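> build me a model:
(one chain, ligands or ions: 1)
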Amino acid sequence: MSARTASIQSSVLFGIDGHPVRVEAHIANGLPAFNIVGLPDAACREARDRVKAAMTTAGLGFPDTRVTVNLAPSNLRKHGGGLDLAIAIALMRANGTVPEESTEDTAFIGELGLNGTLRRVDGILSLVDALSARRVVVPRSAAAEAMLAGRHEVRCASSLGEVVAALRADEPWPDPPTADDVGPGEDVPDLADVQGQGMGRYAIEVSAAGGHNLLLTGPPGTGKTLLARRLPGLLPRLTQDEALETTRVHSAAGLRLPPGGLVSTPPFRAPHHGASAAALIGGGSGWVRPGEISCAHNGVLFLDEMAEFTPSVLDGLRQPLEEGAVRIARAHGSVRLPARFLLVGAMNPCPCGKGGAPGSCRCSEWSRLRYFRRLSGPLLDRFDLRVQVERAKADELMSAETGEPSAAVAERVAQARAIAAERGIRCNAEIPPALIPRVVDPEPPARALLESTLRSGSLSGRGLHRVQRVARTLADLEGVEGRVQEHHVSLALQLRLEPEQLEAA
Ligand SMILES: [Zn+2]
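Below you'll find the predicted structure:
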């Protein structure tokens, strides 16, 4: 028997991007052996066990001679089990189990179980998008996501046996799952369920309208989390491009995708305060996994109990907040991941959480001060809105009246965003400093108020920009198209309490 070879297309993930890989199988005379070369990581190398077991279980046999699989290009590290199917098909092409023409212009993606089942892997959308082949075969549960790439004829199967039967034309390709198979989508909670909370409700409306980062302080049980969770429901639905980009991140991070595969509503991510830098910002050992800030791309990142996060981890937020992306250094080149999110922080007024009520708080002056200072000045500065949330009053809680529903608020938010779009920006938080004088253009009394606040020292130069952007959003929400008025500035200042004011409350 002379050596037989075959080559099959597939792809691997790096960061959130797919890279094409050629799987070359070589079956030669010699003692039984199975080697995979071409920079596979440990999980990828274990394909030997999975492929062999899957082929044997499916009754497809396995070559009892010398088998070598080369993964090209050899300088690209191959992570995980996504090449399993391509390896199995390459072997079966080489030994004649599947006909050559059946794999023409076709790529294969998927991990094999020992029993021959075909499993989805992370990053299907990016993996498929990287392929030049006209046709792609993926696990059945990943079919909807694979179709989002939009350029390929997508075939799917639940097992290796099904793939081989279809390639041999013994059986038709299985149908892709229908919407009924994938279950209902997730509901976004509605503002109508929030009673009272006038200030809190207003703050999240302004935050959504202008894309302003928001810090909520107040004792536990005042509804800070309740409010933050309703923010995604006020934001505009994602555009097609935003939806695809967010889906690529979620898929690469291994998050569950909604029915149909496309993430079309702004995501809401709420990592625990124990989160590591890798979990929050991205990275990890070996390959690069998107962090929570990337999973929140085009949506909301909510950090509850913000003062409990490790300060150095929080400081990792500053660069992404500035650039809308995070760059993670790696031995073989850095990876850039998208991370443009609305940041909402929540914290108690002091370590014991009871805050300013006389006699109830047991915290010393010193421990209260230190608690707040856990957020660095530069990070605190990134919050355009810093508001105090009060406990809802008894009569508000007892009231049978429901609050204004999210849909009504979302409509005002959409109008404000449409005005921002006319300025050539996505939202007012992104007004470049150079444009502020023209876009905000405060009336004389409004200008006088800004000047006196600056002179009093309670507003920094950078803070001045932020207050003006918020004032513009307040005017836009009111439908005031022209110059920003004094009451807009006054309210913007009230919506940006200084740390001392927040501590004292
Ligand atoms: Zn206290």
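
> Arg22 and Ser11 touch, don't they?
No: contact status for Arg22 versus Ser11: not in contact, 9.9 Å apart, counting by Cβ atoms under 8 Å. Any C-beta I mention is one placed from the backbone N, CA and C, and that applies to glycine too.

> more neighbours: which of those two?
Neighbour totals were compared for Arg22 and Ser11, and Ser11 leads with 29 against 17 (other Cβ atoms under 10 Å).

> helix or strand for that one, which one?
strand 4-14 (DSSP states H and E).

> any idea of the mean pLDDT for that strand?
On average, the pLDDT along strand 4-14 is 95.

> so who does Glu481 touch?
Contact partners of Glu481, counting by Cβ atoms under 8 Å, 6 or more residues apart in numbering, are Ile419.

> low-confidence stretches in the chain?
Low-confidence segments of the chain (pLDDT under 70): 1-2, 179-186, 286, 332, 355-359, 394, 397-398, 400-401, 499-505.

> need the residues of it near the ion, please.
Within reach of the ion by Cβ under 5 Å from the ion, the chain has these residues: Cys350, Cys352, Lys354, Cys361, Cys363.

> compare those residues and tell me which is most surrounded.
Of all these, the most densely surrounded is Cys350 (24 neighbours; neighbours counted as other Cβ under 10 Å).

> got the contact list for that residue?
By Cβ under 8 Å, 6+ apart, Cys350 lies in contact with Cys361, Cys363, Ser367, Arg368, Tyr371, Glu503.

> of the residues of the chain next to the ion, which pair is most distant in space?
Lys354 and Cys363 (8.1 Å; Cβ to Cβ).

> ok, residues contacting stretch 232-244?
Taking Cβ under 8 Å, 6+ apart as the rule, stretch 232-244 contacts 125, 148, 188-191, 204-205, 208, 246, 262-268, 298-300, 342, 406, 409-410, 413-414, 417.

> one more time with 7 Å
Under the contact criterion Cβ atoms under 7 Å, 6 or more residues apart in numbering, stretch 232-244 has outside partners 148, 188-190, 204-205, 208, 246, 262-266, 268, 298-300, 406, 409-410, 413-414, 417.

> just the ones of these in helices?
Mapping these onto helices (DSSP state H) picks out Ile204, Glu205, Ala208, Thr246, Ser406, Val409, Ala410, Val413, Ala414, Arg417.

> and the residue lying closest to the third one once chain neighbours are set aside, backbone torsions?
This means Ala208. Distances taken as Cβ to Cβ, 6 or more residues apart in numbering place Leu234 nearest to Ala208, at 3.9 Å, with adjacent residues excluded. With angles defined as degrees, to the nearest 10, Leu234 sits at phi -100, psi -20.

> quickly note the distance from Leu234 to Leu39.
Separation of Leu234 from Leu39 (Cβ to Cβ, to the nearest Å) stands at 46 Å.

> between the two, who's got more neighbours?
Shown here are Leu234 and Leu39; by other Cβ under 10 Å, Leu234 has more neighbours (25 against 18).

> ok, the more buried one to Ala107 distance?
Taken as Cβ to Cβ, the span from Leu234 to Ala107 is 41 Å.

> residues in contact with the closest residue to Val121 other than its chain neighbours?
Take Val121 and drop its neighbours on the chain: the residue closest to it by Cβ to Cβ, 6+ apart is Gly82, 4.0 Å away. When the contact criterion is Cβ under 7 Å, 6+ apart, the partners of Gly82 are Val12, Ile109, Gly110, Glu111, Val121, Leu127.

> go ahead and confirm the fourth one touches Gly81.
Yes: under the criterion of Cβ atoms under 7 Å, Glu111 makes contact with Gly81 at 3.5 Å.

> so the residue nearest to Val121 belongs to a helix, correct?
No: with DSSP: H, G, I helix; E, B strand; the rest coil as the criterion, Gly82 is located in coil rather than a helix.

> check the spacing between it and Ala142 real quick.
On the measure of Cβ to Cβ, Gly82 and Ala142 end up 10 Å apart.

> now do Asp395
Distance, Asp395 to Ala142, by Cβ to Cβ: 52 Å.

> more neighbours: which of the two?
Comparing Asp395 with Ala142 by neighbour count (other Cβ under 10 Å), the higher total belongs to Ala142, at 28 against 9.

> paired strands for the helix or strand following the strand holding Ser11, with orientation please.
Once the chain leaves strand 4-14, the next helix or strand it forms, by DSSP H and E, is strand 17-28. Paired strands of strand 17-28, with direction, are strand 4-14 (antiparallel), strand 66-72 (antiparallel) (DSSP bridges).

> so of those, which one's packed in deepest?
strand 4-14 (a mean of 23; mean count of other Cβ atoms under 10 Å).
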